[in-house]
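Engineer: Output the structure for:
(4 chains)
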2 protein chains.
Amino acid sequence: MGRKSLKETRRQEIIKVFYQVAKKEGYENTSIAKIAKVMDINPSLIIHYFETKEGLTYELIDHILDRYLLIYTVKNKEKASLSDLQSTIEMLFSKKWNLLFDDGLFYTFYALAFREKKIKQKYKLILDSLRKGLALLIEQCNAQCITNVNDPKVAADFIFVMVDGAYFYLSLENDKKAYSERLAYYKQKAYDLLCIPPTKALSDPVC
Amino acid sequence: MGRKSLKETRRQEIIKVFYQVAKKEGYENTSIAKIAKVMDINPSLIIHYFETKEGLTYELIDHILDRYLLIYTVKNKEKASLSDLQSTIEMLFSKKWNLLFDDGLFYTFYALAFREKKIKQKYKLILDSLRKGLALLIEQCNAQCITNVNDPKVAADFIFVMVDGAYFYLSLENDKKAYSERLAYYKQKAYDLLCIPPTKALSDPVC
DNA sequence: ATATTAATTGAACGTTCATTCAATATATTT
DNA sequence: AAATATATTGAATGAACGTTCAATTAATAT
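Structural biologist: Take a look at the predicted model:
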């Protein structure tokens, strides 16, 4: 009896608009009132669904980290192929994931993690999950003699260190050519580490 | 004639307190009123010296980046020794620089750089300067046949990619042992890259 | 002493903020 | 139609914000 609950759909709507506004104007400039204005609803409705702004923020972080996780879409195959590993490396060193989430917000909340343990845990969990996924993929390739990597965990970790380190610097780079050249260099380093050839289609302009 | 100007000393004082408060409570929670309260002065005095909060923020960023630059103290020697290179590597992969500035604030303003061009330029300048310094050092070592690195610029860049990438992940790591072990691993990678031995004193527990 | 310059205060401004609470509107049931 | 649960509004709160401006205090010159 009573009215049907719109709770979850409404909550998701609010989080999405929060994300959009924060992406455009920055998290610290995004107030509940602004979000409400964009949605053409009353600010108190947002409080009604999230209790506090802090609660809303945590859910936005979850939203962003969920999307961040999409970088590495773990196909739960038993047997991974060479092209699986190749396309993963290509993905990691491509600009595609910029479409998944806003870098600025990602770093904003990363910075927040230094003061808020909960956020730190969230980030750690995601970063470890990504590393673990890649390590697993390498292990599977090892088992099939596609690769012969000594310590897949260490290798996966090192590849992510290169990814993170590269983007940290390159996010400040405005020259698009320099940007992609550098990225290609680190990608090759990853291929070297794994002792596998790069993908034909993308490295050779033959096709 | 007239009263002696305290402008510069006062400005520096204010920036330092701003830094201390922001370090403790976070930049977004640090208001002019809070800074003034800590200093036991009037908030309007801060505005008097910095015009706007934006102006104050820019100077805090400069302050932090100046300290960041201290990581790599360029000794303008004509001839660099092996130990110069070694101690530089040791410095880069040590926790010492955490004492120079607050990591949380460093990343907070790094995140801000995504929306503010001025800040982006500041950061780019500093990061490039550090890379350039290390490249120069390697070149000098090459000239003396201490090292034989193909492309000093590329090598320096790669070392910093490892540094940045390592800290990005390790800042979330609470386990101190895991933290230092990982760091040591990347440090060794840097030594391998340069084909020089690690410092005796720190790697061997002999002394 | 007096003039001059800068340091510093103190009160006030308008705005925005997150949050509260009671009131109202809208579905969905019996 | 009446009951009920939820959605949504609207007004109000007090606190904090950055900033302004005129007034006052404190040095340093002539």
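Engineer: what about whichever residue of chain A sits closest to DNA strand D, how many neighbours?
Structural biologist: Closest to DNA strand D within chain A is A:Gly2: 2.0 Å, counting by CB to the nearest atom of the strand. Any C-beta I mention is one placed from the backbone N, CA and C, and that applies to glycine too. By other CB atoms under 10 Å in any protein chain shown, 4 other residues sit near A:Gly2.
Engineer: Return the residues in contact with the closest residue to A:Ser171 other than its chain neighbours.
Structural biologist: Leaving aside its chain neighbours, A:Ser171 sits nearest to A:Asp103 (5.9 Å; criterion: CB to CB, 6 or more residues apart in numbering or on different chains). A:Asp103 sits next to A:167, A:171, B:114 when contact means CB atoms under 8 Å, 6 or more residues apart in numbering or on different chains.
Engineer: element containing the first one?
Structural biologist: For A:Tyr167, the host element (DSSP states H and E) is helix A:152-170.
Engineer: ok, that helix near chain B or not?
Structural biologist: Yes - judged by CB under 8 Å from any CB of the partner chain, helix A:152-170 and chain B are in contact via A:154, A:157-158, A:160-166, A:168-169.
Engineer: all helices for chain A, in order.
Structural biologist: For chain A, the helices defined by DSSP state H cover A:7-25, A:32-39, A:43-50, A:53-69, A:82-92, A:103-112, A:117-143, A:152-170, A:176-194, A:200-203.
Engineer: circling back to that earlier point, Provide a PyMOL selection command restricted to the buried entries of the residues of helix A:152-170 next to chain B.
Structural biologist: Entered in PyMOL, the line below selects the buried ones among the residues of helix A:152-170 next to chain B, by 16 or more other CB atoms under 10 Å in any protein chain shown:
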select buried, chain A and resi 157+158+160+161+162+163+164+165+166+168+169
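Engineer: Contacts for the helix holding A:Tyr167, please.
Structural biologist: A:89, A:92-93, A:103, A:127, A:130-132, A:134-136, A:138-139, A:142, A:149, A:179, A:182-183, A:186, A:189-190, A:193-194, B:127, B:157, B:160-166, B:168-169, B:182, B:185-186, B:189.
Engineer: From these, list just the buried residues.
Structural biologist: A:89, A:92-93, A:127, A:130-131, A:134-136, A:138-139, A:142, A:149, A:179, A:182-183, A:186, A:189-190, A:193-194, B:127, B:157, B:160-166, B:168-169, B:182, B:185-186, B:189.
Engineer: ok, and the closest non-adjacent residue to whichever residue of chain A sits closest to chain B?
Structural biologist: Across chain A, the shortest distance to chain B (CB to the nearest CB) belongs to A:Gly165, at 2.7 Å. For A:Gly165, ignoring the flanking residues on the chain, the nearest one in space by CB to CB, 6+ apart is B:Gly165 at 2.7 Å.
Engineer: Roughly how far does that neighbour sit from A:Phe50?
Structural biologist: Look at B:Gly165 and A:Phe50: by CB to CB, to the nearest Å, they are 35 Å apart.
Engineer: Give me the below-cutoff pLDDT ranges for chain A.
Structural biologist: Applying pLDDT under 70 to chain A flags the ranges A:73-77, A:201-207.
Engineer: make it 90
Structural biologist: A:1-2, A:70-80, A:95-99, A:199-207 (pLDDT under 90).
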